[in-house]
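Chemist: Using only what follows, build the 3D model:
(chains A and B)
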Amino acid sequence: MKILVCISNVPDTTTKITFTDNNTQFNTNGVQFILNPYDEIALSRAIELVEGGKGTVTVINVGEVNTEATMRKALAIGADDAVRINAKPHDAWFVAYQIAQYAQQNSFDLILTGRESIDYNGSKVAGMLGELLDIPSVSIIKKLDVDGDKGTVEREIEGGKEVLIIPFPFVAGTAEGVAEPKIPNMRGIMSARTKPLNVIGAVELKTFSEIIAYETPASRGQVKLVPADESSKLIGLLHTEARVI
Amino acid sequence: MSVLIYTENAGGKFKKSVFEAVSYARAIADQTNTNLVAISIGEVTNEQLSTLGKYGADKVLNASNAQLKNFVNQAYASVIAEAAKKENADIIVLSNSFSGRGLAPRIGVKLQAGVADGAVSLPEISGDKFTVKKTAFSGKAFATVQLTSANKVIALIPNSYQVVEKTAAGTVENFTVENKESDFKAMVKEIVRSTDKVSLPDAEIVVSGGRGLKGPENWGMVEELANLLGAATACSKPVSDAGWRPHSEHVGQTGIAVSPNLYIAIGISGAIQHLAGISSSKVIVVINKDPEAPFFKVADYGIVGDAFEVVPQLIAAVKEYKASA
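Modeler: Numbering: from 1, shown residues only, chains lettered A, B, ... in the order given. Presented below is the predicted three-dimensional model:
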């Protein structure tokens, strides 16, 4: 079984998000970048699935040289090799298109992505890859099992779940529940240094979307405190003042 | 040209988020001076279909056959793209639901369209360019995305646009499309949908509990308050990590982002990762015994007190309010 895991390099979850250049650029100053937490779940499950010599796991990233620390982390967690497509990840379409080129030349049984990256939250790469490769895609899964040449996935739906059986090859976006994130051990960290990290060029592509500005949510006014022994008054305020119940 | 709205059904019924998306798409059709066509896929009664007219659909296409009974991402994306071509639609709107998030990127590729997911407001239109505000950094910010392609796909976040009722009635037409066999490789084995609970992403009110509740056995009062308010229940990451509550209830940066009218946080300190997932809530209530809890800084209303004393008082007050209403 050959598994491809698509990974992104994102600001750490504790990052306070600010912008520069008149709110047109994300301020990366002092920001720690990490392996996208959902991609970490995808990678952890992929490694579990091939445990005991049942296959290989390749991680792929579309990014510039600064993403290599994150790629080494993925190798330390247990990926067999890594591929970096050397380009600025302009948008999901650009990223999916580049990965699709690579996936077409190196057929994979299973392609995993995180359900979304925690920076732009698009959750688009899985579906775009599926369409570009003309194979099934399932966007947000909570469980993934493999049996022979097909997978059983549990997809999240509003107020429930849906179980699907999908023949290889397919693409899936993983969420919490699919696996516990693996932590690299010392042996993994040592071996990651010598595992292959291949850099390949990107193909030129017309893109259709552009982020032109950012803003942070409007700050709320001062909190209105209700004394604990008069808690019941809150319900009245929510009804008459806030008008939400 | 026209605007196409995909109206997803849940077990044959349309939810409020669909009417929001239809109203939103209607507004775009008005902005661009064109028609709004709705496409429904799967088994939905004519009576349900004709309700879409009330929210501004001029015409409703009904694609229904045995193969399309259950949601299959690939097949549904093909049907929607075909409908867009037939109706000459250059703007495709859908709900940013779990299914919508699977469809939008596939439709985008099929139609060579820029995709604005997570939209929270109407686009600003300047000639052929649309700019759409969307959530980014898991709720810590918004990004304005410009779509420059001729075709455009927009996925609207539930509870971010008001339902607008019109007087006009839409017509319903059958829509048939020949799906490729390969569209049906994924097979639905089982669907489990709880009908007695409000689903978290759609909820207008969310009651959420954190570690301050000390253990899963204490969730009874959270559920009772939620039931009384018609709310969904949610939790913080430490709570789902500890297995007190399912992952599907985890709200925050690496869980679900919600934007209810009212978010009630009980015993949650308000770590930056949690706040990211709830920042677009319209009104935030925080109940915490620690007056220094960071959550109070982003709250509209707060009670500094012990949840085990405060929540029962709230339950009693809601009962009283409901009895008098």
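Chemist: going forward, measure contacts and count neighbours with C-alpha atoms only.
Modeler: OK.
Chemist: Distance of the residue nearest in space to the middle of chain A relative to chain B?
Modeler: In chain A, the residue lying closest to the centroid (CA atoms, centre = their mean) is residue A:114, at 3.1 Å. Relative to chain B, residue A:114 is positioned 11 Å away (CA to the nearest CA, to the nearest Å).
Chemist: Run through the bridge partners of that residue.
Modeler: residue A:174 (DSSP bridges).
Chemist: Is it correct that it is in contact with residue A:175?
Modeler: Yes - counting by CA atoms under 8 Å, residue A:114 touches residue A:175, with 6.5 Å between them.
Chemist: who touches both of these two?
Modeler: Common neighbours of residue A:114 and residue A:175 are listed as A:38, A:41, A:42 (criterion: CA atoms under 8 Å, 6 or more residues apart in numbering or on different chains).
Chemist: and chain B, which of the residues you listed reach it?
Modeler: For chain B, the contacts drawn from these by CA under 8 Å from any CA of the partner chain are residue A:38.
Chemist: In TSV: the shared contacts of residue A:114 and residue A:175, plus neighbour count, pLDDT and secondary structure.
Modeler: Shown next, in TSV, are the shared contacts of residue A:114 and residue A:175 (neighbours: other CA atoms under 10 Å in any protein chain shown; pLDDT from 0 to 100; DSSP: H, G, I helix; E, B strand; the rest coil):
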residue	neighbour count	pLDDT	secondary structure
A:38	26	97	helix
A:41	25	98	helix
A:42	30	98	helix
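Chemist: Which parts of chain A are helices?
Modeler: A:37-50, A:68-77, A:92-105, A:125-133, A:186-192, A:233-240 (DSSP state H).
Chemist: Counting neighbours, what do you get for residue A:51?
Modeler: 12 (other CA atoms under 10 Å in any protein chain shown).
Chemist: Let me know the pLDDT of it.
Modeler: pLDDT recorded at residue A:51 is 95.
Chemist: Could you report the distance from residue B:313 to residue B:220?
Modeler: Computed as CA to CA, to the nearest Å, the residue B:313 to residue B:220 distance reads 14 Å.
Chemist: Comparing the two, which residue is more hemmed in?
Modeler: residue B:313 (20 against 10).
Chemist: So what's the residue count around residue 172?
Modeler: Just so you know, I chose chain A. Neighbours of residue A:172 using other CA under 10 Å come to 28.
Chemist: wrong chain, I was asking about chain B
Modeler: 21.
Chemist: Report the secondary structure state of it.
Modeler: Here residue B:172 is recorded as strand under DSSP: H, G, I helix; E, B strand; the rest coil.
Chemist: For the residue lying closest to it once chain neighbours are set aside, which three-state class applies?
Modeler: Leaving aside its sequence neighbours, residue B:172 sits nearest to residue B:60 (CA to CA, 6 or more residues apart in numbering or on different chains; 4.6 Å). Classification of residue B:60 by three-state DSSP places it in strand.
Chemist: Next, work out how far apart residue B:60 and residue B:179 are.
Modeler: From residue B:60 over to residue B:179 the distance is 20 Å, taken as CA to CA.
Chemist: Compare the two (neighbour count), which wins?
Modeler: Legend: neighbour count by other CA under 10 Å for residue B:60 and residue B:179, higher for residue B:60 (27 against 16).
Chemist: And the more buried one, how close does it get to chain A?
Modeler: Applying CA to the nearest CA to residue B:60 and chain A gives a distance of 24 Å.
Chemist: Would you agree that residue is in contact with residue B:38?
Modeler: Yes - if you go by CA under 8 Å, residue B:60 and residue B:38 touch, sitting 4.6 Å apart.
Chemist: which residues are common contacts for these two?
Modeler: With CA under 8 Å, 6+ apart as the test, residue B:60 and residue B:38 both reach residue B:52.
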